[in-house]
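[1] okay, sequence plus prediction incoming.
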Amino acid sequence: MPLIIDANNLLHTTMPQPLAGLDESRLCALLARGPWAGDRVTVVCDGTGGSALDRRESPSAAVELCFAGHSRTADDVIIAMIDADTAPRRLVVVSNDREIRRAARR
């Protein structure tokens with residue numbers, strides 16, 4: 001089952017102590033070793049991921065780390081991913097954003 005995660009949403013929630021200070025790369029590494037391993041996993045972030053010299057990438061080929069860029073938000077990218085999916089009912093979307101939740105229910 002494909003998984004799409006709103007990274008800013010998830011990373012800025014209260015977490016247990018072992019996950020304190022979790023960043024995008026560490027989140028990708030954890031997802032690659034977790035129960036979602038083998039499924040299509042996409043972590044979507046706002047921004048560009050840093051300068052060309054400091055671009056962050058997923059430490060695992062099993063998890064895609066996607067940055068929205070300058071002109072869009074992660075929310076825009078996630079909603080577009082939901083709308084473009086050929087079987088959107090199979091998607092699992094992790095976000096507490098109302099607009100994303102509304103798009104996922106459609």
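    Sure thing, it's come through. Computed from a prediction, not measured in an experiment: that's the story for all the values here. Residues are numbered from 1 along each chain as shown.
[2] helices of this protein, residue ranges please.
    7-11, 24-33, 74-84, 98-105 (DSSP state H).
[3] same list (the ones you listed) but as CSV, adding mean neighbour count.
    For the C-beta atoms, the positions are set from N, CA and C on the backbone; glycine is no exception. Shown next, in CSV, are those (neighbours: other CB atoms under 10 Å):
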stretch, mean neighbour count
helix 7-11, 19
helix 24-33, 18
helix 74-84, 18
helix 98-105, 14
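[4] spatially central, which residue of the protein would that be?
    Per CA atoms, centre = their mean, the C-alpha nearest to the average position across the chain is that of Val43, at 2.1 Å.
[5] now distance to Cys66 and mean pLDDT too, for the helices of the chain, in JSON lines please.
    What follows is the helices of the chain, written out as JSON lines (distance: least, CB to CB, whole Å; pLDDT from 0 to 100):
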{"stretch": "helix 7-11", "distance to Cys66": "9", "mean pLDDT": "87"}
{"stretch": "helix 24-33", "distance to Cys66": "10", "mean pLDDT": "89"}
{"stretch": "helix 74-84", "distance to Cys66": "7", "mean pLDDT": "94"}
{"stretch": "helix 98-105", "distance to Cys66": "14", "mean pLDDT": "90"}
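[6] so for Glu64, which of those sits nearest?
    Smallest distance to Glu64 across the helices of the chain (CB to CB): 8.4 Å, for helix 24-33.
[7] quick one on the thing from earlier: state the distance from the residue nearest to the centre of the chain to Arg106.
    Separation of Val43 from Arg106 (CB to CB, to the nearest Å): 22 Å.
[8] quick one: Pro18 from Arg26, how far?
    Counting by CB to CB, the gap from Pro18 to Arg26 is 11 Å.
[9] if you could redo that for Ala32, that was the one I meant.
    From Ala32 to Arg26 the distance is 11 Å (CB to CB).
[10] rewinding a little: contacts only, for the residue nearest to the centre of the chain.
    Ile5, Ala7, Glu24, Leu27, Cys28, Leu31, Ser58, Val63, Glu64, Leu65, Cys66 (CB atoms under 8 Å, 6 or more residues apart in numbering).
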